[in-house]
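# return atomic coordinates for the entry below.
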Amino acid sequence: MPRGQVVWLARLPASSPTRHELRPPMPEDTDTGGPFEMVEIEAPDGNPTIQPLEVDEKDMPLERARLWTINGTERSIDVYANYADQPLATDIEATSIGSAIDISGEGDRPYGTYTLAARDAGEPDGDVLASASVPVDEGDSYSAVLHRAGEFDYQMSIYRNDYSPSQDARVVVRHCAYPETIDWGFFENGETPRIPDDPRSGTLSRGQWQEATDVTEQDYLFQVLVDGEVAAFDANYEFEVETTYVVYVVGDPEPLFLPDEPPYEESQDSGIDESQWLLLHAFEVFPGADQADTVTPPTEPVSTTDTNAAIEFDCEALRLYETNRLETEVRATDPDGIVTGLAIDAVDPPTDGVTVVDNSVDRAFHPGGTTTATLRVAPDVPPDRYEVRVIANPESLAQSATCTIPVVVDPIPVARLYDLVDRYQLSGDIDQGIATDLNVLLDDAAAHVAADKTSQGCAALKDVVTLLGDNKDVGVSETAHDDLQTETEALRTRLDCG
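Down below sits the predicted model:
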């Protein structure tokens, strides 16, 4: 958006819910992304013109949240969220208001803490100019402003947008410009002298903001002073009822040393772009009670630093024998956000047998809640040592994090077969006599394998399989038979018994 332009958000006065009120004609390059309906009307000279028809829609986000990105610098930028590779907002021109970003609370835009970082436009691998974090929940609206913080430094300041009810206009001034301190003020511009003037003023340090409440509907001249001299002004601000106006002072305003007094008519005709460092953003609000005519004290932004708490994982190392299936629960918690999903990011060395079980993800539904998933190691995973990397928020703009789980799959030794025989005898799945015979065969197999007499060891293990088969369901339960046979055959395979 060109410098000095206004983002208009259309509204229908509550006092006339069925009457459409028309604003003055809008510049051709004005952002019309709001709730407009374009209609053709006839101007006083008889020529048709196109103007926005105002609709009855309030601007406060309901059942969602909204982030605005504002570029108060001399360079075009992209804005990224939560360390994502792709920008959330792209090519925001110098000293302009970017588009609104809706956060639905679902899918890839969950509620939670968002860390916003600005880079030069089209430079995804470039340096981060500045970043800041803010918790986002349903109904929230924030504006994140990149602005100068020194000769070579930048700052990201995040402000909460005020949608509280207001009978008259509300004017918020945010100092996002290079000078350390500015004075600001507005007063009627002489266009409507019969309406009482309602001047306000204040002083801000860089990053601070102030709010003028209960401002009378009127045409105003808004000005900014640096070192006591006018550095920027706009003589055509029309503040209307039930609307919050946010004035961003951006860029690097310097004293203009104007030759005339307010309303600076001579200066306006001189060709100087005296409003280039002012951005005006308007939000419609619900009507409210009459308030005192005040200017609030200077206040710091909601956030100017990264405070995004790290995601916490509960994922323990795993160990199992080949041919066995193991399932375990993985837990992830974002202290100031919501983990929306868990998935396998990588397995090293690669294997297809380590997965997150389908439909096992049980996601949290509030910031600080715990999301769980079931991790499964399949029976066909070969013996080896694996590193399984689990990722939180794998397909989301939310903050991502990973946890690496060591998984050891051991080959079947003879000792493992002894252990199975003993356990199944104790559980009653193998008769004592058969268990004794199996242990004798396993003694032979262990001795031969230890002596590198592989063929004799293989023969003893084959006798184990035969004995199990001969006694299946008659002294050996089906479960004991299947488990012992599977693991004995795995050992025979490792010994290359053929």
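# burial of the closest residue to residue 377 other than its chain neighbours, as a residue count?
Leaving aside its sequence neighbours, residue 377 sits nearest to residue 326 (Cβ to Cβ, 6 or more residues apart in numbering; 4.5 Å). The C-beta positions use only the backbone N, C-alpha and C, and glycine is treated the same way. Counted by other Cβ atoms under 10 Å, the residues lying close to residue 326 total 17.
# next, residue 326: phi, psi?
The phi/psi pair for residue 326 (degrees, to the nearest 10) reads phi -130, psi 130.
# look up how far residue 409 lies from it.
Between residue 326 and residue 409 the computed distance is 9 Å (Cβ to Cβ, to the nearest Å).
# again, but for residue 66
49 Å.
# between those two, which one's more packed in?
Between residue 66 and residue 409, residue 409 has the larger neighbour count (other Cβ under 10 Å), namely 23 against 18.
# just checking, the more buried one is part of a helix?
No: membership of residue 409 in a helix is not supported by DSSP: H, G, I helix; E, B strand; the rest coil, which gives strand.
# any idea of the pLDDT on it?
Listed pLDDT for residue 409 reads 98.
# for it, name its beta-bridge partners.
Legend: beta-bridge partners of residue 409 under DSSP bridges are residue 320, residue 384.
# over to the nearest residue to residue 432 once chain neighbours are set aside. Which of the three states is it?
Leaving aside its sequence neighbours, residue 432 sits nearest to residue 425 (Cβ to Cβ, 6+ apart; 6.2 Å). With three-state DSSP as the basis, residue 425 sits in helix.
# contact partners for residue 425?
Residues counted as contacts of residue 425 (Cβ atoms under 8 Å, 6 or more residues apart in numbering) are 431, 432, 435.
# which stretches of the chain have low pLDDT?
Within the chain, the stretches with pLDDT under 70 are 1-58.
# ok, back up a step: separation between the residue nearest to residue 377 and residue 488?
For residue 326 relative to residue 488 (Cβ to Cβ), the value is 20 Å.
# for residue 431, same thing?
Counting by Cβ to Cβ, the gap from residue 431 to residue 488 is 18 Å.
# repeat for residue 358
Noted for residue 358: a distance of 32 Å to residue 488, by Cβ to Cβ.
# more neighbours: the two, which one.
Remark: of residue 358 and residue 488, residue 488 carries more neighbours, 25 against 8, as counted by other Cβ under 10 Å.
# so which residues of the stretch 301-450 of the chain form strands?
Assigned by DSSP state E, counting those that start in this stretch, the strands in the stretch 301-450 of the chain fall at 312-314, 318-321, 326-333, 342-348, 354-356, 370-377, 384-392, 401-410.
# check contacts around the residue nearest to residue 377.
318, 320, 376, 377 are the contacts of residue 326 under Cβ under 8 Å, 6+ apart.
# rerun at 10 Å
The contact partners of residue 326, by Cβ atoms under 10 Å, 6 or more residues apart in numbering, come to 318, 319, 320, 354, 375, 376, 377, 378, 379, 381, 407, 409.
# and which of these is nearest to residue 279?
Proximity of the contacts of residue 326 to residue 279 (Cβ to Cβ) peaks at residue 375, which lies at 49.7 Å.
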